[in-house]
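K.L.:
please work out how this folds:
(one chain, ligands or ions: 1)
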Amino acid sequence: MSDFQYFMIPGPTQLPPDVLGALSAPMVNHRGPEFKEIMDKIHSNLQTIYKTKNDIITLTCSGSGALEASIVNFLNKGDKALVISIGNFGQRYFTICQKYGIDAELIDFAWGEALDPEIVLAKLAADTKHEIKAVIMQHNETSTGVYNNIKAIAEGKKDHPALTIVDAVSSLGACPLETDAWGLDIVVSASQKALMAPPGLAFISVSERAWKIAESCTNNRFYFDLLNAREFKKIGQTPFTPSVTVAYGVLAATERIVKQGIDNYVAEHFLRRDVVRAGIRGLGLQLLADDDCASPAVTTILLPEGIKPEDIREPMRTKFNIIIAGGMGKYKDTTIRIGHIGFMNMGDILVTLACLEMVLKQNGYELELGCGVAAAQKLLMEKL
Ligand SMILES: Cc1ncc(COP(=O)(O)O)c(C=O)c1O
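P.N.:
This next block holds a predicted model:
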């Protein structure tokens with residue numbers, strides 16, 4: 001068996017050949033003109049992908065570091081905030097808020113469902129004294145494969161001054177995102193998902209309004225001080241030694257996305273989602289998310305009674321070199337997740353479905369070989 005792996009997980013993703021090539025470039029001085037040029041191009045590409053004119057700050061950390069930065073720079077101890085959770089990463093945002101002493105109210109929706117804008121907007125409308133300083137939410141909840149209507153929150157909150165803080169770690173590039181048109185204040189993402197680069201860099205867009213709040217924020221912060229990062233950005237640098245090699249990868253990957261066109265890249269993710277869902281339904285299996293909120297980045301599949309995630313994941317990996325993800329949180333023992341984010345071909349999805357059929361059959365699940373692939377092909381033929 002070759003050592004090529006089909007990476008059907010929701011990040012990190014496989015890397016395109018030009019990204020891999022870029023990673024082997026010699027080191028440059030991170031305080032020199034070459035690196036400035038690289039970072040300027042990355043930020044310009046990211047502004048196109050984020051659809052924003054806001055500043056974008058690059059941090060050397062994983063996505064969670066930037067989630068932390070999005071709290072510690074904008075909310076003081078005791079500030080009220082609404083944290084919307086529809087799964088594992090919503091809970092993570094809530095935990096970060098708790099660690100910093102934010103007076104966070106958790107609006108906890110059922111795993112597998114999207115946020116209900118009416119419930120969130122009613123909370124904001126009731127806050128006539130404008131005590132709520134921020135609304136914090138996931139754009140795409142990777143743990144369940146659900147995609148939130150953050151536009152409804154950002155636009156529906158009207159003149160309520162709460163900052164909108166968005167975790168777009170697994171959505172940037174995969175879900176439609178209009179940072180400026182929707183008025184999103186702080187949007188966090190990371191290098192290793194739809195951006196098709198290695199893990200190691202995270203990004204955060206900050207609106208003018210949010211910068212003003214950061215300037216008066218009294219929290220102690222050092223590594224994640226975005227005001228300091230903004231000063232260094234003016235001279236094309238970062239406060240600390242950045243992940244230079246990952247930056248090479250991000251530059252190559254973002255050039256690809258800009259060349260393809262962000263809307264086309266997002267549309268590709270939706271087609272992949274629809275093909276996966278058609279294939280899974282063809283197998284007779286249940287999907288966790290409803291059609292109207294199903295993630296274009298990852299699909300969560302409920303396993304038949306008696307079959308455990310490892311019964312599927314292990315043979316998929318050892319027999320076919322196909323890596324799929326397990327479930328998370330309360331769905332850990334009953335679901336698997338197929339990622340369809342970043343660099344991949346439609347053929348990878350068909351291969352995954354074909355192998356999944358064999359593995360399910362070997363686990364005693366009754367099916368006609370080819371039923372999942374055929375359903376996926378049928379949908380694909382209609383769309384192509
Ligand atoms: C929606 C979401 N938020 C945050 C994170 C955390 O990112 P990281 O693992 O890079 O810290 C992830 C990672 O999968 C994610 O999917």
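K.L.:
now do the strands in the stretch 251-384 of the chain.
P.N.:
For the stretch 251-384 of the chain, applying DSSP state E, counting those that start in this stretch gives strands covering 286-287, 298-302, 322-326, 335-339.
K.L.:
apologies, that question was intended for the stretch 51-200 of the chain.
P.N.:
Taking DSSP E, counting those that start in this stretch to define them, one finds strands in the stretch 51-200 of the chain at 55-60, 80-85, 103-108, 132-138, 140-141, 146-147, 163-167, 186-190.
K.L.:
rebuild the ones you listed as a markdown table, extending it with distance to the ligand, mean pLDDT and mean neighbour count.
P.N.:
C-beta: built from backbone N, CA, C; applies to glycine. As requested, those are exported to a markdown table (distance: least, Cβ to the nearest ligand atom, whole Å; pLDDT from 0 to 100; neighbours: other Cβ atoms under 10 Å):
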| stretch | distance to the ligand | mean pLDDT | mean neighbour count |
| --- | --- | --- | --- |
| strand 55-60 | 11 | 98 | 22 |
| strand 80-85 | 11 | 98 | 22 |
| strand 103-108 | 16 | 98 | 17 |
| strand 132-138 | 5 | 98 | 26 |
| strand 140-141 | 6 | 98 | 32 |
| strand 146-147 | 11 | 98 | 26 |
| strand 163-167 | 5 | 98 | 26 |
| strand 186-190 | 5 | 98 | 29 |
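K.L.:
any chance of those strands in CSV, plus distance to Q377?
P.N.:
Formatted as CSV, these follow (distance: least, Cβ to Cβ, whole Å):
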stretch, distance to Q377
strand 55-60, 40
strand 80-85, 37
strand 103-108, 39
strand 132-138, 32
strand 140-141, 27
strand 146-147, 25
strand 163-167, 35
strand 186-190, 33
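K.L.:
and A297, which of those strands is closest to it?
P.N.:
strand 140-141 (5.5 Å; Cβ to Cβ).
K.L.:
please state the offset of that closest one from the chain centre?
P.N.:
6 Å (Cα atoms, centre = their mean, to the nearest Å).
K.L.:
which helices and strands sit right next to that strand?
P.N.:
helix 88-99, strand 146-147 (3 or more Cβ pairs under 8 Å, 6 or more residues apart in numbering; DSSP states H and E).
K.L.:
give me the contact list for that strand.
P.N.:
The contact list for strand 140-141 (Cβ atoms under 8 Å, 6 or more residues apart in numbering) reads 86-90, 146-148, 168-171, 174-175, 295-298.
K.L.:
give the bridge partners for the residue of the stretch 201-350 of the chain found nearest the ligand, please.
P.N.:
Relative to the ligand, the nearest point of the stretch 201-350 of the chain is A202 (6.9 Å; Cβ to the nearest ligand atom). For A202, the beta-bridge partners are L59, A190 (DSSP bridges).
K.L.:
report how many residues lie close to it.
P.N.:
A202 has 26 neighbours, counted by other Cβ atoms under 10 Å.
K.L.:
verify the stated contact: it with Q192.
P.N.:
No. Using Cβ atoms under 8 Å, A202 is not in contact with Q192; the gap is 9.4 Å.
K.L.:
pull up the overlap in contacts between those two.
P.N.:
Jointly contacting A202 and Q192 under the rule Cβ under 8 Å, 6+ apart are 62-63.
K.L.:
how is the protein divided into domains?
P.N.:
For the chain, automatic domain parsing gives the domain ranges 6-11+261-383, 17-260.
K.L.:
tell me the most buried of the helices and strands packed on strand 140-141?
P.N.:
Stretch with highest mean neighbour count among the helices and strands packed on strand 140-141: strand 146-147 (a mean of 26; mean count of other Cβ atoms under 10 Å).
K.L.:
helices or strands up against that strand?
P.N.:
Strand 146-147 makes packing contacts with strand 140-141 when contacts are defined by 3+ Cβ pairs under 8 Å, 6+ apart.
K.L.:
stretch 49-58: end-to-end distance?
P.N.:
Stretch 49-58 has an end-to-end distance of 14 Å (criterion: Cα to Cα, to the nearest Å).
K.L.:
what of stretch 133-145?
P.N.:
By Cα to Cα, the extent of stretch 133-145 from end to end equals 28 Å.
K.L.:
and the nearest residue to S64 once chain neighbours are set aside, what pLDDT?
P.N.:
Using Cβ to Cβ, 6 or more residues apart in numbering and skipping the chain neighbours, the partner closest in space to S64 is R92 (6.9 Å). At R92, the pLDDT value in this model is 98.
K.L.:
ok, now how distant is R92 from V246?
P.N.:
Distance, R92 to V246, by Cβ to Cβ, to the nearest Å: 22 Å.
K.L.:
repeat that for L367.
P.N.:
Distance, L367 to V246, by Cβ to Cβ: 42 Å.
K.L.:
I312 now?
P.N.:
Separation of I312 from V246 (Cβ to Cβ) stands at 32 Å.
K.L.:
which of those two has more neighbours?
P.N.:
Ranked by neighbour count (other Cβ under 10 Å), I312 and V246 place I312 first, with 22 against 19.
K.L.:
up against the ligand, what does the protein have?
P.N.:
Within the chain, the positions lying close to the ligand (Cβ under 6 Å from any ligand atom) are 11, 62-64, 89, 138, 140, 142, 167, 169-170, 190.
K.L.:
JSON lines for the residues you listed, including distance to I338?
P.N.:
Below are these laid out as JSON lines (distance: Cβ to Cβ, whole Å):
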{"residue": "G11", "distance to I338": "13"}
{"residue": "S62", "distance to I338": "22"}
{"residue": "G63", "distance to I338": "20"}
{"residue": "S64", "distance to I338": "23"}
{"residue": "F89", "distance to I338": "18"}
{"residue": "Q138", "distance to I338": "19"}
{"residue": "N140", "distance to I338": "15"}
{"residue": "T142", "distance to I338": "12"}
{"residue": "D167", "distance to I338": "21"}
{"residue": "V169", "distance to I338": "18"}
{"residue": "S170", "distance to I338": "14"}
{"residue": "A190", "distance to I338": "20"}
